[in-house]
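> quick one: sequence and predicted model below, then my questions.
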Amino acid sequence: MPSATIPGLNTSWLRGWPLVGLIGVGLTAVALLHGAATDNLGSACTVSVQAAEVTVRAAPNPSAQPLDTLARGDEVAADAVVDAGFRKLVDGERWVPANSVAATAGSQC
């Protein structure tokens, strides 16, 4: 295979493990830039409220203290944890009925 040389540029170090390291750094930078551009650095699970109105509760129990109310179409970051029919949201002890939300497109719940 023919190779091109650039006068004054020594690329002998760019072989083997140094090349693997350089490729790894490059791929890491691309992944971080993509995550920052798509705002996907934190939770990989996002859910959309399907019911007309959903009460966010302090525990996975229908009689637990109500904390907030979400409306149809609201999107919130969630955990993959489902307990007693409730899905855990990412910010503290906040739970919604699992059957009232659905994973958004591309979300990994």
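That came through fine.

> where along this structure do the strands fall?
Using DSSP state E, the strands of the chain run over residues 46-49, 53-57, 66-71, 75-83, 86-89, 95-97, 101-103.

> count of neighbours near the closest residue to residue 104 other than its chain neighbours?
Spatial nearest neighbour of residue 104, chain neighbours left out: residue 46 (4.6 Å); criterion: Cβ to Cβ, 6 or more residues apart in numbering. From N, CA and C alone the C-beta is placed, and that goes for glycine too. Applying other Cβ atoms under 10 Å, we find 21 residues neighbouring residue 46.

> can I assume residue 46 is in contact with residue 80?
No. Using Cβ atoms under 8 Å, residue 46 is not in contact with residue 80, being 11.5 Å away.

> any residues in contact with both of these two?
residue 109 (Cβ atoms under 8 Å, 6 or more residues apart in numbering).

> walk me through the domains of the protein.
Here the domain parsing of the chain from automatic domain parsing is 12-41, 46-103.

> lowest-confidence stretch among the ones you listed?
Mean pLDDT is lowest for domain 12-41 out of the domains of the chain, coming in at a mean of 65.

> which residues are contacting stretch 62-73?
48-59, 76, 94-97.

> just the CA atoms of it, as PDB, please.
The C-alpha coordinates for stretch 62-73 follow below in PDB (Å, rounded to 0.1, in the frame of the first residue of the first chain):
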ATOM      1  CA  PRO A  62     -51.400   5.600  46.300                       C
ATOM      2  CA  SER A  63     -52.000   7.000  49.800                       C
ATOM      3  CA  ALA A  64     -48.500   8.500  50.200                       C
ATOM      4  CA  GLN A  65     -48.100  12.200  50.600                       C
ATOM      5  CA  PRO A  66     -48.800  14.100  47.300                       C
ATOM      6  CA  LEU A  67     -45.900  16.300  46.300                       C
ATOM      7  CA  ASP A  68     -46.800  17.700  42.800                       C
ATOM      8  CA  THR A  69     -49.100  17.300  39.900                       C
ATOM      9  CA  LEU A  70     -48.100  16.600  36.300                       C
ATOM     10  CA  ALA A  71     -50.200  17.200  33.200                       C
ATOM     11  CA  ARG A  72     -50.600  15.200  30.000                       C
ATOM     12  CA  GLY A  73     -47.600  15.600  27.800                       C
END
